[in-house]
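Trainee: Show me the folded form of this:
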Amino acid sequence: MRYSIKILLITSVIFICSACSEQSKEVLLENTDVEKFLAAPYSEGDAIPAMAYIEHQEIYNAESVIPPQCYTKTEGTNNPCYACHQSYKDSPDRPNAMNDGDLQGEYQFSDLGTKNHWKNLFVDRTKLIEKISDEEIKQWISQDNYTKFVEKFSSNKSWKGDVTPIENLAYPNKAFDDKGLAKDGSHWVAFNYKPFPSTFWPTNGSTGDAMIRLPKAFRENNGKFSVDVYFANLALVEMTMKGAKSISTIPVSEQVIGVDINGNNQLERSVSQINLRSHYLGDAKNIALNNLLYPENTEFLHTVRYIGVHDDGTIYNAQRMKEVRYMKKHSFKDKAELASEYYLEAKEKHFENLPQVHLLGDKGVNSNMGWTLNAYIENAKGELRHQNSQELAFCAGCHKTIGATLDQTFSFPRKVEGSEGWGYINLARQKDAPNVGEDQGEILTYFQRVGGGDEFRQNKEMLQRWFNKDGTVNSEKVSRAKSVYELITPSSKRALKLNKAYLSIVREQSYIFGRDANLTSATNVLQQVDESQAPLPPKHRYDWDMRLDWSKTLMSKSKLTQVELD
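Mentor: Numbering: from 1, shown residues only. Modelled structure (predicted):
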């Protein structure tokens, strides 16, 4: 069988190359290694490599907006669905009108979507992991692939997409000051937020960070940059997304801003509190705040990284990036306009039409909700390349069509409240806060509702750490955890294995088959969905707000150097 696969692969590569332009051949050969494809653990019927689909411009999975987690076996009680699928019909001012909480209790897939196309879920990568030494993976993850990526795309005169450079981004302690402001003058601001459960928990495969940048008018006063105006406006955006009437901020000068922002009828040299107001400040003073909506031209930058492992076994955000993701709100749509878009989305879903993804070439994907999404991922050599159309379509699944998001975003509404939340992500300075409207810590609640430390309930380390032998959660132990870092980061041994598993996917370039760094084949995942069977009865469905109630926990002030994530 192996010989016949080899013939098929070599023939496929030769055929593809002969049918491509010189530039396409170059890209294909850069990402194609026949011997590595032979090492890929697929049966003969699955021998066609992912890059062959891409080079042929043949769609492998037209339902890639359905993420792998949606195929989880619930066994009628385990509910990871609630974190994404929510309805807020009692919140008439909420712009997100997706209202898809019913998906916790029924499958609404197209005929194509009932088949699970994420076949990387079912790959046992044990032998592939064994071929990569600890020394090799440590060297790999410690390399900066972001700087060369910026240089490459910035110097490409034919490139039409946005380039988002932040000097020293691979080394966050060099890139940002203690307020999170980029030191290079790019005006990106890093913020400390709680990772969304549970795909973005380091224990499940990746570390990450997020930065926000407001448009020029929000950063300036009379045409000149003002850090006081900028952070005051950032605080107003935070209040808008959290529904707060007042919030703490890093010290800013009312005298510089020229406005009494804390409501004491004085213009003070330094204040640390700002009240909600109708309009933004500085040169954005004529722009009104809109409930749960960002201003036009707001930008987000999100890097997905390998799991860094220090010599003492502690975890940090590695220098090497798996992906660089970028969002820009290219046009402002008010609540009524968004309601129309959500209606069209619901109509398409009702008739089981395949999702429409509007591709913009170099610029990425138009979400139809006012946002442009773009992303870059490692090629087989570890260099960041632009994601192709099939890989980009995956982004639309979460940043368009689910009810839990706020203005199509996750991270910023989950920012640590006020002044404490400005600065690069630091899980050690977070305690497990409950979600808005709840009293119990979010992570403990997630464990109880899901029955595991990940959607697939196959993270054995999390099961051993936080669950009893009978499968119930050890609530007392979870509640004693000193920080979010302690709850959701892996051991050094697991971290290295996860890094190796993902590196095998990079070498295969098999992202369209799934990007989850599973160590072994998933057992709690459906390969074919039976839509006649409800995934969860009503008693195991939940209302949930992804925002956190930080007032119900105390922030840890500890400065643990091993988890500064630098």
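Trainee: all contacts plus neighbour counts: C-alpha atoms, from now on.
Mentor: OK.
Trainee: At the geometric centre of this structure, which residue sits there?
Mentor: For the chain, the residue nearest the mean C-alpha position is residue 200 (6.5 Å; Cα atoms, centre = their mean).
Trainee: Nearest residue to it in space, ignoring adjacent ones along the chain?
Mentor: Spatially, and ignoring its direct neighbours in sequence, residue 200 is nearest to residue 206 (6.5 Å; Cα to Cα, 6 or more residues apart in numbering).
Trainee: same check, this time on residue 199
Mentor: With Cα to Cα, 6+ apart as the measure, residue 454 is the residue that lies nearest to residue 199, at 6.9 Å, once sequence neighbours are left out.
Trainee: How is that neighbour assigned, secondary-structure-wise?
Mentor: Using DSSP: H, G, I helix; E, B strand; the rest coil, the three-state assignment for residue 454 comes out as coil.
Trainee: quick one, what contacts it?
Mentor: Residues in contact with residue 454, defined by Cα atoms under 8 Å, 6 or more residues apart in numbering, are 197-199, 204.
Trainee: do the same with residue 124
Mentor: When contacts are counted by Cα under 8 Å, 6+ apart, residue 124 touches 41, 518-521.
Trainee: Going by neighbour count, list what's buried in stretch 463-470.
Mentor: Across stretch 463-470, burial judged by 16 or more other Cα atoms under 10 Å covers 463, 466-467.
Trainee: show me where pLDDT drops low in the stretch 451-566 of the chain?
Mentor: Per-residue confidence of the stretch 451-566 of the chain (counting by pLDDT under 70) places the weak regions at 554-566.
Trainee: dump the residue contacts of the residue lying closest to residue 513 once chain neighbours are set aside.
Mentor: Once its chain neighbours are removed from consideration, residue 513 has its nearest residue in residue 118; the separation is 4.8 Å (Cα to Cα, 6+ apart). When the contact criterion is Cα under 8 Å, 6+ apart, the partners of residue 118 are 68, 512-514.
Trainee: Let me have those residues in TSV, extended by secondary structure and distance to residue 375.
Mentor: Conversion of the contacts of residue 118 to TSV gives the following (DSSP: H, G, I helix; E, B strand; the rest coil; distance: Cα to Cα, whole Å):
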residue	secondary structure	distance to residue 375
68	helix	19
512	helix	14
513	helix	17
514	coil	16
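Trainee: which of those tops the neighbour count?
Mentor: When these are compared by neighbour count (other Cα atoms under 10 Å), residue 512 ends up highest, at 25 neighbours.
Trainee: isn't that residue right up against residue 50?
Mentor: Yes - in this structure, residue 512 sits in contact with residue 50. The criterion is Cα atoms under 8 Å, and the distance is 6.4 Å.
Trainee: Just the closest of the contacts of residue 124 to residue 229, please.
Mentor: Closest to residue 229 out of the contacts of residue 124 is residue 518 (45.2 Å), distances taken as Cα to Cα.
Trainee: now that closest one: how far from residue 122?
Mentor: In this view, residue 518 and residue 122 are 9 Å apart by Cα to Cα, to the nearest Å.
Trainee: Please say which of the two ends up with more neighbours.
Mentor: It is residue 518, of residue 518 and residue 122, that has more neighbours when counted by other Cα under 10 Å, with 24 against 18.
Trainee: residues in contact with that one?
Mentor: Residue 518 sits next to 121, 123-125, 498, 501-502 when contact means Cα under 8 Å, 6+ apart.
Trainee: can we see that at 7 Å?
Mentor: Residues in contact with residue 518, defined by Cα atoms under 7 Å, 6 or more residues apart in numbering, are 121, 501.
Trainee: Surely it is within a strand?
Mentor: No - using three-state DSSP, the assignment for residue 518 is coil, not a strand.
Trainee: returning to what we had before: which two from the contacts of residue 118 end up farthest apart in space?
Mentor: Most distant of the contacts of residue 118, by Cα to Cα, are 68 and 512, 11.2 Å apart.
Trainee: where are the low-confidence patches of the protein?
Mentor: Per-residue confidence for the chain (pLDDT under 70) gives these ranges: 1-46, 349-352, 354-355, 554-566.
Trainee: what about 90?
Mentor: Along the chain, the parts satisfying pLDDT under 90 run over 1-49, 51, 54-57, 64-65, 89-90, 108-110, 342-359, 393-401, 531-534, 553-566.
Trainee: mind listing the strands in this structure by residue range?
Mentor: Assigned strands in the chain, in chain order: 189-190, 207-213, 220-221, 224-225, 246-252, 271-275, 299-309, 315-329, 358-359, 365-366, 371-378, 384-386 (criterion: DSSP state E).
Trainee: Now render those strands as CSV, adding mean neighbour count and distance to residue 176.
Mentor: Conversion of these to CSV gives the following (neighbours: other Cα atoms under 10 Å; distance: least, Cα to Cα, whole Å):
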stretch, mean neighbour count, distance to residue 176
strand 189-190, 26, 7
strand 207-213, 23, 10
strand 220-221, 21, 20
strand 224-225, 14, 17
strand 246-252, 19, 15
strand 271-275, 18, 21
strand 299-309, 24, 14
strand 315-329, 24, 14
strand 358-359, 17, 33
strand 365-366, 22, 29
strand 371-378, 23, 22
strand 384-386, 21, 22
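Trainee: mind listing the helices for the stretch 351-500 of the chain?
Mentor: 389-396, 442-450, 460-466, 475-480, 484-488, 492-508 (DSSP state H, counting those that start in this stretch).
Trainee: wait, which of those is closest to residue 356?
Mentor: Across the helices of the stretch 351-500 of the chain, the minimum distance to residue 356, taken as Cα to Cα, is reached by helix 389-396, at 9.2 Å.
Trainee: can you give me the angle that closest one makes with strand 315-329?
Mentor: What separates the directions of helix 389-396 and strand 315-329 is an angle of 90 degrees, with axes from the mean of the first three to the mean of the last three Cα atoms, to 10 degrees.
Trainee: Alpha carbons of helix 389-396, as PDB, please.
Mentor: Output of helix 389-396 as PDB, limited to C-alpha atoms (Å, rounded to 0.1, in the frame of the first residue of the first chain):
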ATOM      1  CA  SER A 389      -9.100  31.100   1.000                       C
ATOM      2  CA  GLN A 390     -10.000  27.700   2.500                       C
ATOM      3  CA  GLU A 391      -8.000  28.400   5.600                       C
ATOM      4  CA  LEU A 392      -9.400  31.900   5.900                       C
ATOM      5  CA  ALA A 393     -13.000  30.700   5.600                       C
ATOM      6  CA  PHE A 394     -12.400  28.900   9.000                       C
ATOM      7  CA  CYS A 395     -12.200  32.400  10.700                       C
ATOM      8  CA  ALA A 396     -15.700  33.300   9.700                       C
END
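Trainee: what does it rub up against?
Mentor: The set of residues external to helix 389-396 that reach it, using Cα under 7 Å, 6+ apart, is 59, 64-65, 357, 359, 367, 375, 511-512.
Trainee: 6 Å instead?
Mentor: Residues external to helix 389-396 that are found in contact with it (Cα atoms under 6 Å, 6 or more residues apart in numbering): 64-65.
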